[in-house]
Every structure is written in structure tokens, then in C-alpha cells.
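Participant: missing the sequence, but the structure's below:
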């Protein structure tokens, strides 16, 4: 189970959801952080303003006392009236408290913090005393030759409480927004996959007998169009092979039926009444001929089945193709002379690593074809050459009726005949060229046919697995 | 010549026995691998014909056993399976030849005779004669009734094969293989044409015909033959 999980890639929904969750989380977190800092900064600025006002008021009061118009205590006691949650202290240079609430309650950090000359957001101090939080500033001032230290502080608890609530709301909003976004994404992804599920349903309905079904490329989102096109191509190829296979089975049945019918009918007719020994012998001969044909067909079909399963393994040896062709010519000499056809060899090819018996069989099939279709007195030519890319080219050419273009691609198919009416002469079951092709392909080569100007040429290209020059 | 046939298919076994007996061999037929194995190990035969696929002890096992026991009896495998691996395995285990079903009986007979000949000492001669036909082997010349006959190289090889194996029916595939080294089933009538041309030179001008067609099977060279 684990290993399977390990191999299978993450589901598409999981991927999308993970990315979206990360992105949403990060941006919400960033927004929250910025809002929170902005609010905190705002409070700090507000406090700074207030502290500045207070400090100035105290300073003004101190100046009043210095010209003797009012005593210190009285002047200072009215200095900051109208402000709430604030307090201030005035110290002298020797850190003696001159005015203000005692340090026991407020723990003013007059000793630990240095005085500042200008009150700003970033040079205020914060401290705690008696469970309350304070923010304050320490400044120095000179009045009438005396140096005073003024401490002004604000109770921050209200602010802090507000910030706490504010943060809680912020979290709630973020979580809510995140959840809603994720749910929406999930729904979107799910909906986005709907065309895929639709495709899958359509594909599931394609059975062997419904291979003509094609998916509609315009009915799916653009991203799936390529998939649909590829799938249609695949089904097309499948349908093609399937049709061929079906035809092949039908062809086999047809090819087998004819000789079997002959055997059965003849045997039944002969056995219908008592006959002479010669007639029985004749029946057997006739049956033998049909059975020979069946045997050859079965053997050829087995050969093709093996080639189809890649079981045709050439036993390779270096072959001098010119020599092979000359020996084949010796074999066909008698037949050619009877038809007054000249056998000609042209060109020169390097040695080929190939299976002697197989290649002889292939060339023999082509030669016997060529001889069969060549008119009296003409010539059959085999050309050997080495192509520029090092392949060995073997072409077998005969003068004779052209093979119409529409038949050319299918001529190597099993049981395929250019002229269906010309079945069952001496020329076998129509497997000859299929066997040639299987042999050439087992050698990693290719074969094609060209037919024009009253001549037909089969071209075999064998790859260069050569061993030196001839 | 004693032959052992091991074949579990009843009809095939019967016809092999009948055919080989009528061809002049003494045939023992075993219908399963166990009997075949026992007979091959205890009695002496000149040739074994083994079906590869047997229900109990298969042909490969039998060959292995007799080779391990040091017997050099030639073995011809009959099999319905035609793959190169099978063929190689059979030959590695010590089989001498391999015939794939369906095969022509004439082909089987020819192979059997080849194997039996291989195991006997070949007779080396310079000259062969059948009736008034004389073959001068070193010089590749043929004479009939004192008249020199002009034969091409391959025609002489064909005639030599027929003479060497006179009285035997030679299937077309065997002729193609022995004379032209074409070891495949050809659907051409090359052999028929070649034989016809040879006949024109050997037989046409003479009263006594030597080359005979055996319908559905092949050709043979024989002095007196009752059927035509």
C-alpha cells in the first residue's frame, strides 16, 4: 500500500488545493500583519502627540514658576488638566522627585532610560507597574538656570485591550476568508474536472464493436483538446488494426473454406457409389493437392504469427548479396528461360549481416512474383546498391502491368490481392509479400513498392550491419 | 532397418507405422513416452522418431536419456511447435533432425533415409549407372546409351541426386534444398520446370523412361516403374 502510494503522483485536487492554501494563507497572514502594525503605529503616533502636548504644558508651567508668578505645586497641578489616564513627574538634575505621584506606584524608569530631545514614535518607552502598562517619554528642560527632567506617561491598557480584540477579530476574519476561499477552490477544481469525468464516461462506453466512436474536440475545454485529439488518433489506429484483424480472420476462414469444401465434396461424391481403384486413387491425389495447399497456408500463417510476436529471430551471418542473388538466379534459371525472361543483376552492395535462408526466401518470393507478372521476352532486374546513409538497397524490378496506386499500401497485407478474381491459381494464398515484409522487418529493414511507366519495383532497404566492403 | 516411433496421436502413429513399414522398415510403435523411453533404452534401433510433446515423458527427456546412456542412435524429432528455441534445444540435446508438423510423408521418408545413410559408411565412387545412363562424377558428365548429354552444372547436380537416391520419392522441397540450397517452401514451380528440362535431355529420346513423377509427392528415378 505504502509503496503504491509512493509511486502514484498526488491527485490533481490535492495539488491545486495545497498551492491555493499556501498562497491564501501567506497573503492573509501578510495582510493581517500589515493591518496590525498599522494600527499599532497609529496608536503610537497618537500617544506621541499627546505626550508632546503634556510635556509642553509642563514645560510652560515650569517657566511660569521661574518668574515667581505662581508656586511650583500650584502651577504644575493645573498643567495637564483635561487629559485622562495620564500622569507626569518633574525631577531635578540629581534625580530627586520634585513633583508628581510617587515612583512606588508608577516605577518611572527615570534612571534606566535616557532623556530624549525630540519626542518621536520610536523613542518612547514602555513599562509595567501595578499590572498597568505605560508608555512614556523623558525629556530635559532648562528653566531659569535649573535643569528639570520631565517624565510624561500614558496608561496604555485601553489601547492594548483594543488591539487584543482587534487581533482576535483579524484572526477570525482571516480563518473565515481562508476557509471560504479553499472551499470555493475545491468546488472550482471539482467543477473543472467535470469535463474529464465526462470524457472518462464516454471513453468507458467505447467497446470493441463501437470503435467508430470519436470524442468531440470542440466540446471540451481548450486544455483537453490535445488529449481528445490524441485519443481520437489512438482509437483510429486501433480501429484500423481491429478492422484488419477482423478481415484477416474472415480471410483465413475464406481461404480455408475453399480447399476444405473441395475435399469434403469430392470425397462425399466419390464415396457415394462404388468406384474403380483408379477413381479412388484420383480422389486421394486430388485431396492431397488440397491438403498440401492447406499445409502451406498453415505454415505460412504460423510464420507470420511468429513474426508478429517478434519470434522471428534471424540467425545472422555476413552475406554477399551479389552472390546470393546469383544463386537465386541459378534456382530460377529454368523457369525464366521457359518464359524467355532474362534475369539481370546490376550494381554492387557491401556485405549484409542477415539470415541466409530468410533473405533467400524473401528474394525468391519477389523473384517468383516478378517472373509471374513479367510478359514473355522481357527482363527481370535486381539492383544492388549502397545508399548514402549506408543502407543496402535491393530492388527487384519487372516490366508488366502496373499496380494501381490505391492497392500499393495494402499489397503487403496478408491475403491481399490486387485482383480478387484472380484467386487460387498456382500463386498461393496471397501471403507471399506479407512474408517478404516480415523477413525484411525482422532484419530491421523496410520495403516498399513503386509502380509506374509500365514497370513494378520492390525496394528493400536493409540497415548497415555490414562487416567491411566486399 | 529397425525404427522406433514414439507418437501419442493415434492416427498419426498408425499412419507413420503403416507408411514406414510399407517403405521397407521394421517399425515399433510406442504410444506414450514411458513405453518409448523403455524401448529406446532396452532395445537396439537404427533410428528413433520422437514426438516432442508427449503427455508423460517428452521427446527431449528420451533423447537426453539415451545420449547419457552413450547410445548414438540417430534421432528425428516430430513436433507441432516451430520455434527456433525449440529447434535449438532439440539439436543441443542430441537430436539429428527436426520436422515440423504438418509435414509431407515423402519429406519424412527422405529425411529418415538421409539419417540412416549418414550413420552408415558412404560409398565413394567415381561412376554411377542406372540402366544405360552413366554418370561420370569427377568430370560432371552424363552419358546415355553411349551418347554424351550436355547438362548444365545444376542439371547435373539434380540428376546426380536422383541417381544417388534412385527408387526414393524426392519431394520438391528436398530437391530445392539439396541442389540449390534453397531451404524454404517455395510456391513456385521451379523444380517442375527443372525436372521437365532434365527429362527432355535424359528421357525424351529414349524408350525407357527413368525419371518419374509421383503425383502429390515428388519425383523419383527408377528403372522399372509400373505406375505412371
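Facilitator: On my side now, so go ahead. Values in this document were obtained by computation on a predicted structure and should not be read as measured data.

Participant: could I get the pLDDT score of the residue nearest to residue B:188 when sequence neighbours are not counted?
Facilitator: Nearest non-adjacent residue to residue B:188, counting by C-beta to C-beta, 6 or more residues apart in numbering or on different chains: residue A:368, 4.2 Å away. (Glycine included, C-beta is placed from N, CA and C.) For residue A:368, the pLDDT comes out at 90.

Participant: what does residue A:209 give?
Facilitator: We have a pLDDT of 76 for residue A:209.

Participant: now the one 5 residues further on
Facilitator: Each residue has a pLDDT score; the one for residue A:214 is 82.

Participant: now do it against chain B, distance only.
Facilitator: Going from residue A:214 to chain B by C-beta to the nearest C-beta, to the nearest Å gives 40 Å.

Participant: my read: that residue touches residue A:235, true?
Facilitator: Yes - judged on C-beta atoms under 8 Å, residue A:214 makes contact with residue A:235 at a distance of 6.7 Å.

Participant: more crowded one of these two?
Facilitator: For residue A:214 versus residue A:235, neighbours defined as other C-beta atoms under 10 Å in any protein chain shown are more numerous around residue A:235 (19 against 16).

Participant: show me where chain A has its helices.
Facilitator: A:2-7, A:12-66, A:72-77, A:103-106, A:157-192, A:194-204, A:222-271, A:277-308, A:321-338, A:356-373, A:432-442 (DSSP state H).

Participant: how much does the last one deviate in direction from helix A:277-308?
Facilitator: Which is helix A:432-442. 30 degrees (axes from the mean of the first three to the mean of the last three C-alpha atoms, to 10 degrees).

Participant: and the angle from helix A:432-442 to helix A:356-373?
Facilitator: 150 degrees.

Participant: which ones are touching the residue nearest the centre of chain A?
Facilitator: Most central in chain A under C-alpha atoms, centre = their mean is residue A:227, positioned 10.2 Å from the mean C-alpha point. For residue A:227, the contacting residues are A:199, A:220, by C-beta atoms under 8 Å, 6 or more residues apart in numbering or on different chains.

Participant: ok, now how distant is it from residue B:118?
Facilitator: For residue A:227, the distance to residue B:118 equals 65 Å [C-beta to C-beta, to the nearest Å].

Participant: same deal with residue A:433?
Facilitator: Distance from residue A:433 to residue B:118, by C-beta to C-beta: 37 Å.

Participant: neighbour count for these two, which is higher?
Facilitator: Shown here are residue A:433 and residue B:118; by other C-beta under 10 Å, residue A:433 has more neighbours (20 against 11).

Participant: count of residues packed around the closest residue to the more buried one other than its chain neighbours?
Facilitator: Nearest non-adjacent residue to residue A:433, counting by C-beta to C-beta, 6+ apart: residue A:412, 5.0 Å away. Per other C-beta under 10 Å, the neighbour tally for residue A:412 reads 20.

Participant: give the contact list for residue A:412.
Facilitator: Taking C-beta under 8 Å, 6+ apart as the test, what residue A:412 contacts is A:433-434, A:436-437, A:447, A:449.

Participant: which stretches of the chain aren't confidently modelled?
Facilitator: Just so you know, I chose chain A. Scanning chain A for pLDDT under 70 picks out A:1-6, A:67-70, A:103-111, A:418-429, A:465-470.

Participant: meant chain B actually
Facilitator: Applying pLDDT under 70 to chain B picks out residues B:81-85, B:119-124, B:224-228.

Participant: and the closest residue to chain A within it, helix, strand or coil?
Facilitator: Nearest residue of chain B to chain A, counting by C-beta to the nearest C-beta: residue B:216, 3.6 Å away. Following DSSP: H, G, I helix; E, B strand; the rest coil, the label given to residue B:216 is coil.

Participant: residue contacts, it?
Facilitator: A:284-285, A:288-289, A:292.

Participant: which among those count as buried?
Facilitator: A:284, A:288 (16 or more other C-beta atoms under 10 Å in any protein chain shown).

Participant: near chain B, from the contacts of residue B:216?
Facilitator: Among these, the residues that sit close to chain B (C-beta under 8 Å from any C-beta of the partner chain) are A:284-285, A:288-289, A:292.

Participant: based on its surroundings, how many neighbours for residue A:7?
Facilitator: Neighbours of residue A:7 (other C-beta under 10 Å): 7.

Participant: check contacts around it.
Facilitator: Applying C-beta under 8 Å, 6+ apart to residue A:7 gives no contacts.

Participant: report the beta-bridge partner residues of residue B:51.
Facilitator: Taking DSSP bridges as the rule, residue B:51 bridges to residue B:78.

Participant: so the spatially most central residue of chain B is in which element?
Facilitator: With distances taken as C-alpha atoms, centre = their mean, residue B:110 lies nearest the centre of chain B, 1.1 Å away. Using DSSP states H and E, residue B:110 maps to helix B:105-119.

Participant: tell me if that helix is near chain A.
Facilitator: No - counting by C-beta under 8 Å from any C-beta, no contacts exist between helix B:105-119 and chain A, the nearest distance being 9.8 Å.

Participant: related to what we said a few turns ago, not counting its neighbours along the chain, what's nearest the residue nearest to the centre of chain B?
Facilitator: Here the residue nearest residue B:110, using C-beta to C-beta, 6+ apart, is residue B:174, at 4.8 Å.

Participant: what's the helix or strand hosting the one you found in contact with?
Facilitator: Using DSSP H and E, residue B:174 sits within helix B:172-180. Residues from elsewhere that reach helix B:172-180, judged by C-beta under 8 Å, 6+ apart: A:327, A:330-331, B:104, B:106-107, B:110-111, B:154, B:157-158, B:161, B:182-183, B:185-186, B:190-192, B:218-219.

Participant: try 7 Å this time
Facilitator: Contacting residues not belonging to helix B:172-180 are listed as A:330-331, B:107, B:110, B:154, B:157-158, B:161, B:182-183, B:185-186, B:191, B:218 [C-beta atoms under 7 Å, 6 or more residues apart in numbering or on different chains].

Participant: now the two most distant members of those.
Facilitator: Distance extremes for the contacts of helix B:172-180: the farthest pair is A:330 and B:107 at 22.8 Å, using C-beta to C-beta.

Participant: and the next helix or strand after the helix holding residue B:174, what's buried?
Facilitator: Next along the chain after helix B:172-180, taking DSSP H and E as the criterion, comes helix B:190-202. Of all the residues in helix B:190-202, those buried under the rule 16+ other C-beta under 10 Å are B:190-191, B:193-195, B:197-199, B:201-202.
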